[in-house]
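Asks: Need a 3D model of the following:
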Amino acid sequence: MADNQPELEIQIDLIRDAVAMCRRSLIRFGYKRESVNGAAKDPVRLLTYYYGVTRRLVTPRCRKVHKARDFTCPAKHHKALTALELLITNGGDLSRHLSTSPFRDLKDSDTLLKGWGVHHLHLGDKVVSKKGKNEGFVNRTNHVLLCHFTETGAYFLEVIDHDSFEEPRVLDIIRANWPSLLSAHRLSGVTLYPANLSNEDTFNLTKAGYMTPVAAKDGSVYMPPGGGVSASRDNRHDVTAATRLLTYLSDMEKTIVRHLQADREADRDSLANEPPIRMLLCVDRGKYCVRDLDTDDLYEVPAPGVVSKMEGALAW
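Replies: Purely as a prediction, here's the structure:
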């Protein structure tokens with residue numbers, strides 16, 4: 001291209017837009033603006049936190065409750081457990097029953113959830129109205145429900161003392177009752193030698209940032225179903241999702257820019273008077289797309305190197 005030929009100016013930064021979207025969402029969730037702004041300086045860190053938050057907050061949807069065969073609950077919590085089961089069945093918001101710490105700290109400190117994908121729900125029967133760290137949550141209880149959620153099911157493992165769940169029996173409970181939930185995580189032909197780690201050892205290693213396989217009572221070996229942790233002590237699935245999205249957005253941006261440049265290549269003389277094209281990352285019906293701020297056209301990249309306008313796109 002000759003130096004005196006005009007160039008098409010395209011204002012686009014999809015990673016910046018993704019960071020802005022996550023930042024707004026986290027602040028809307030109730031996280032402190034200072035903490036979110038600090039994390040936003042590192043896109044991988046912010047997106048990792050964002051995925052962690054969405055994983056910890058159980059998406060409200062109707063789920064079928066499944067209980068382990070030997071599931072029991074202290075009599076004093078029967079009423080609260082029944083109400084919680086109804087809330088889950090009807091697709092209610094479970095946030096009030098969750099630990100308060102995820103709502104104060106962006107970094108996920110719930111080792112049981114990071115390692116095993118198991119939430120612990122408090123069995124309080126009243127919402128705390130007094131100002132303090134528990135305001136808006138159900139009253140905290142010594143006993144908590146360990147529960148694994150899928151898109152359609154809620155699996156009640158056991159009710160245990162809150163102070164004892166550093167040594168949960170979650171692996172053996174899930175394997176004995178719903179082995180299909182673990183099948184994708186089993187390591188075939190693997191034996192832990194010379195000895196299996198205790199539950200407490202595994203918990204402490206996960207807390208320190210090490211991901212270790214764990215053996216069930218029958219000797220079968222599994223990787224942590226919840227994803228385990230990376231070297232940064234973040235959930236491995238969250239880190240993978242964050243880096244994958246950033247790579248996808250970078251490739252998407254390059255593809256969109258090439259498409260727009262090629263679209264106007266035939267009439268370069270008109271570019272001298274053409275205003276900049278301003279593009280913004282959007283989410284439309286669950287798809288990442290790019291919006292032309294001046295025309296409201298929405299573009300998607302359905303396959304590597306392919307750009308298409310979205311037909312019937314929602315009005316903005």
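Asks: Tell me where the stretch 51-200 of the chain has strands.
Replies: Ranges of strands within the stretch 51-200 of the chain are 64-67, 118-122, 143-149, 153-161, based on DSSP state E, counting those that start in this stretch.
Asks: Hmm, residue 221 and residue 187 touching each other?
Replies: Yes: in this structure residue 187 lies within contact range of residue 221 using Cβ atoms under 8 Å: 4.6 Å. In this view, the C-beta of every residue, glycine as well, is placed from N, C-alpha and C.
Asks: just checking, residue 236 touches residue 229?
Replies: Yes: counting by Cβ under 8 Å, residue 236 does reach residue 229; the two are 6.1 Å apart.
Asks: So between those two, which is more surrounded?
Replies: Applying other Cβ atoms under 10 Å to residue 236 and residue 229 shows that residue 229 carries more neighbours, namely 25 against 19.
Asks: What score does the more buried one have for pLDDT?
Replies: Per-residue pLDDT puts residue 229 at 74.
Asks: Ok, residue 315 next?
Replies: Looking at residue 315, its pLDDT stands at 41.
Asks: cool, and residue 225?
Replies: 81.
Asks: Tell me which helix or strand it sits in.
Replies: Assigned by DSSP states H and E, residue 225 falls within no helix or strand.
Asks: pretty sure residue 261 contacts residue 8?
Replies: Yes: in this structure, residue 261 is within contact of residue 8 by Cβ under 8 Å, at 5.6 Å.
Asks: Between the two, which has more neighbouring residues?
Replies: More crowded of residue 261 and residue 8, by other Cβ under 10 Å: residue 8, with 17 against 14.
Asks: Where does the prediction get shaky in the stretch 51-200 of the chain?
Replies: Within the stretch 51-200 of the chain, the stretches with pLDDT under 70 are 101-105, 108-109, 132, 134, 162-168, 192-200.
Asks: which residues in it form helices?
Replies: Under the criterion DSSP state H, counting those that start in this stretch, helices of the stretch 51-200 of the chain are mapped to 78-89, 111-116, 170-177, 199-208.
Asks: Nearest to residue 276, out of the ones you listed?
Replies: helix 111-116 (43.9 Å; Cβ to Cβ).
Asks: Please name every helix or strand in contact with that closest one.
Replies: strand 118-122, helix 170-177, helix 199-208 (3 or more Cβ pairs under 8 Å, 6 or more residues apart in numbering; DSSP states H and E).
Asks: List the pairing partners of the first one within its sheet, with orientation.
Replies: Yep, that's strand 118-122 we're talking about. Within its sheet, strand 118-122 is paired with strand 143-149 (antiparallel), according to DSSP bridges.
Asks: okay, the angle between the strand it pairs with and strand 153-161?
Replies: Calculated by axes from the mean of the first three to the mean of the last three Cα atoms, to 10 degrees, strand 143-149 forms an angle of 160 degrees with strand 153-161.
Asks: Output strand 143-149 as PDB, nothing but the C-alphas.
Replies: Presented in PDB, the C-alpha positions along strand 143-149 are these (Å, rounded to 0.1, in the frame of the first residue of the first chain):
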ATOM      1  CA  HIS A 143     -24.600 -27.700  60.400                       C
ATOM      2  CA  VAL A 144     -24.400 -27.200  56.600                       C
ATOM      3  CA  LEU A 145     -25.800 -29.100  53.700                       C
ATOM      4  CA  LEU A 146     -23.200 -30.400  51.200                       C
ATOM      5  CA  CYS A 147     -24.800 -30.300  47.700                       C
ATOM      6  CA  HIS A 148     -23.500 -30.900  44.200                       C
ATOM      7  CA  PHE A 149     -25.500 -29.000  41.400                       C
END
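Asks: roughly how far apart are residue 248 and residue 15?
Replies: Distance, residue 248 to residue 15, by Cβ to Cβ, to the nearest Å: 10 Å.
Asks: One more: residue 99?
Replies: 31 Å.
Asks: now swap in residue 233 and tell me
Replies: From residue 233 over to residue 15 the distance is 24 Å, taken as Cβ to Cβ.
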